[in-house]
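Trainee: Structure here, sequence nowhere to be found:
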DNA sequence: CCATCTTTGTGCACGCGTTCACAAAGACAT
DNA sequence: ATGTCTTTGTGAACGCGTGCACAAAGATGG
């Protein structure tokens, strides 16, 4: 029992579980919405509903950050917005380069969610010389060969890859060599990077395939289909 | 409104764990690449490397599908491609509607990974009448009011939402009412849907924020930037 | 046919994440 | 103050996912 509280729950220890980190942006978004409506405080129950999670999970998540709530009242919205922003590192400026200015790259460049969260598009890069100089989201597209210079000059540590799959690994290598240590990959490829470099991937096709799996299951619930049904002529052995 | 139930209905699919389902598309992609190079068989070790996972995990994943390997040899590439495709439901045709034909919607419409995996874009929808009739990826953009007709006529069960956040819930409600039971959401909002409808979300901003967290942690390791600095005047209580 | 070698399939243990359930902490009214 | 009421913070149990390590299965060669 926590009757004799002898030591602090390690507010500052970087022992924040990965699953919790992944939910912090979700909470932050819900809190920002509340903040814009000038709501002063919010209970874990209300906030959890807004974020689409379980309230116990939310409380446990916040407990990793520290004791920022008030029992009987809830959480101070503004205070929590600040604490989560700080924890996520959003109180500082993160220059980002986007490589590959096709449809997707342009969509990313135009995405408003960046600027509002401390992310600043430092440059748009593409291998196509025909694109060079064209304005996308108010920024000129620059040639990929300027990558190294731009990353160094603008202290870019985050790169976004929106190139075709074939170019992704080479671009990654150049970004890493230039000093980038975090990569958000939209290309449908497995990237290999040295230790110390973080890669997160977003894959549209994979998400759809997962949906298809569940969709098939729904449809097949009454249509009990034997898994070893008919198989093409190929069989091992 | 239906309370935003955070559904994680456990893994009672077909006995196939959710985590495994999420990796099957990854294996499928690696296998397809091997197939195109006419590689007849592959070991769990090789395939795992290509997919970027642990080989034991891969073998366990495959074991949920059945015993499709041959000890001492490995897996028959073509056979495995077929089995995974069938398990994911990719041997059938999945008509998809994309709602919101901005930069992102256009990028999705042009994405080649759809058609090659059994997904067929049945229609592109947008609320902007100025877009109506315009060709995107060879398909005419149609007005959102045609949603119900199109979903019904084309037997669409999967919807992709690429609208602004403010429109996402309403579009979702209309899709669901029209019969769609799987939704891929790109809008930065929590969607509430009735039971039986699957939602997967892709959020660019969240991914970047997670990267920022790790990036900050890396930078702060040596640079010990006073984490407990000043807090804005706001304090709870 | 037997020995050896390769690679699968899986039992098992461990660690992380989720959820329950409740005591502690504070607000608020009297 | 004291009691009541609300809501947080968290101990504990549980379940899922991961990875090790190895026996079983089959190929291959002599």
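Mentor: Alright, I've got the coordinates. Every value quoted in this text rests on a predicted model; they were computed, and no experiment measured them. Numbering: from 1, shown residues only, chains lettered A, B, ... in the order given.
Trainee: Can you point out the buried residues in stretch A:21-38?
Mentor: A:21-32, A:34-35 (16 or more other Cβ atoms under 10 Å in any protein chain shown). Placement of C-beta: from N, CA and C, glycine included.
Trainee: So which of these are in helices?
Mentor: A:21-32, A:34-35 (DSSP state H).
Trainee: Looking at those residues, which is nearest residue A:57?
Mentor: Using Cβ to Cβ, residue A:23 comes nearest to residue A:57 of these, at 7.8 Å.
Trainee: What residue spans form the domains of chain A?
Mentor: In the domain annotation for chain A, the residue ranges read A:18-87, A:94-205 (automatic domain parsing).
Trainee: Adding distance to DNA strand C, write those out as a markdown table.
Mentor: Formatted as a markdown table, the domains of chain A follow (distance: least, Cβ to the nearest atom of the strand, whole Å):
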| stretch | distance to DNA strand C |
| --- | --- |
| domain A:18-87 | 3 |
| domain A:94-205 | 15 |
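Trainee: now these as a markdown table including mean pLDDT and distance to residue B:214?
Mentor: Output for these, formatted as a markdown table (pLDDT from 0 to 100; distance: least, Cβ to Cβ, whole Å):
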| stretch | mean pLDDT | distance to residue B:214 |
| --- | --- | --- |
| domain A:18-87 | 97 | 8 |
| domain A:94-205 | 96 | 5 |
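Trainee: which one of those domains lies closest to residue B:82?
Mentor: That would be domain A:94-205 among those, by Cβ to Cβ, at 18.2 Å.
Trainee: The closest one near chain B anywhere?
Mentor: Yes: applying Cβ under 8 Å from any Cβ of the partner chain, one finds that domain A:94-205 is in contact with chain B at A:94, A:96, A:102-104, A:106-108, A:110-111, A:113-114, A:117-119, A:157-158, A:160, A:181-184, A:188, A:190, A:192, A:196, A:198, A:200, A:202-205.
Trainee: Could you pick out the buried ones from these?
Mentor: A:94, A:96, A:102-104, A:106-108, A:111, A:113-114, A:117-119, A:157-158, A:160, A:181-184, A:188, A:190, A:198, A:202-205.
Trainee: Against DNA strand D, how distant is residue A:76?
Mentor: Applying Cβ to the nearest atom of the strand, to the nearest Å, the value for residue A:76 to DNA strand D is 10 Å.
Trainee: Residue A:112 now?
Mentor: For residue A:112, the distance to DNA strand D - Cβ to the nearest atom of the strand - is 30 Å.
Trainee: just residue A:213 next, same as before
Mentor: From residue A:213 to DNA strand D the distance is 13 Å (Cβ to the nearest atom of the strand).
Trainee: ok, that residue - contacts?
Mentor: Contacts for residue A:213 (Cβ atoms under 8 Å, 6 or more residues apart in numbering or on different chains) come out as B:13, B:21, B:24, B:87, B:88, B:89.
Trainee: for those residues, which one is nearest chain A?
Mentor: residue B:89 (3.2 Å; Cβ to the nearest Cβ).
Trainee: Please list the outside residues in contact with the longest strand seen in chain A.
Mentor: Secondary structure of chain A per DSSP state E: the longest strand is strand A:119-126. Strand A:119-126 is contacted from outside by A:93-102, A:105, A:109, A:114-115, A:132, A:136-137, A:139-144, A:146-147, A:150, A:154, A:156, A:158, B:208, B:212, using Cβ under 8 Å, 6+ apart.
Trainee: buried sites along it?
Mentor: For strand A:119-126, by 16+ other Cβ under 10 Å, it's A:119, A:121, A:122, A:123, A:124, A:125, A:126.
Trainee: Off-centre distance for that strand?
Mentor: Strand A:119-126 sits 17 Å away from the centroid of its parent chain (Cα atoms, centre = their mean, to the nearest Å).
Trainee: How about stretch A:195-205?
Mentor: Counting by Cα atoms, centre = their mean, stretch A:195-205 comes out at 9 Å from the chain centroid.
Trainee: Repeat that for stretch A:112-123.
Mentor: Computed by Cα atoms, centre = their mean, the chain-centroid distance of stretch A:112-123 equals 13 Å.
Trainee: about what we covered before: wait, which of the contacts of residue A:213 is closest to residue B:61?
Mentor: Closest to residue B:61, out of all of the contacts of residue A:213 and judged by Cβ to Cβ, is residue B:24, at 7.3 Å.
Trainee: That concludes my questions; thank you for your assistance.
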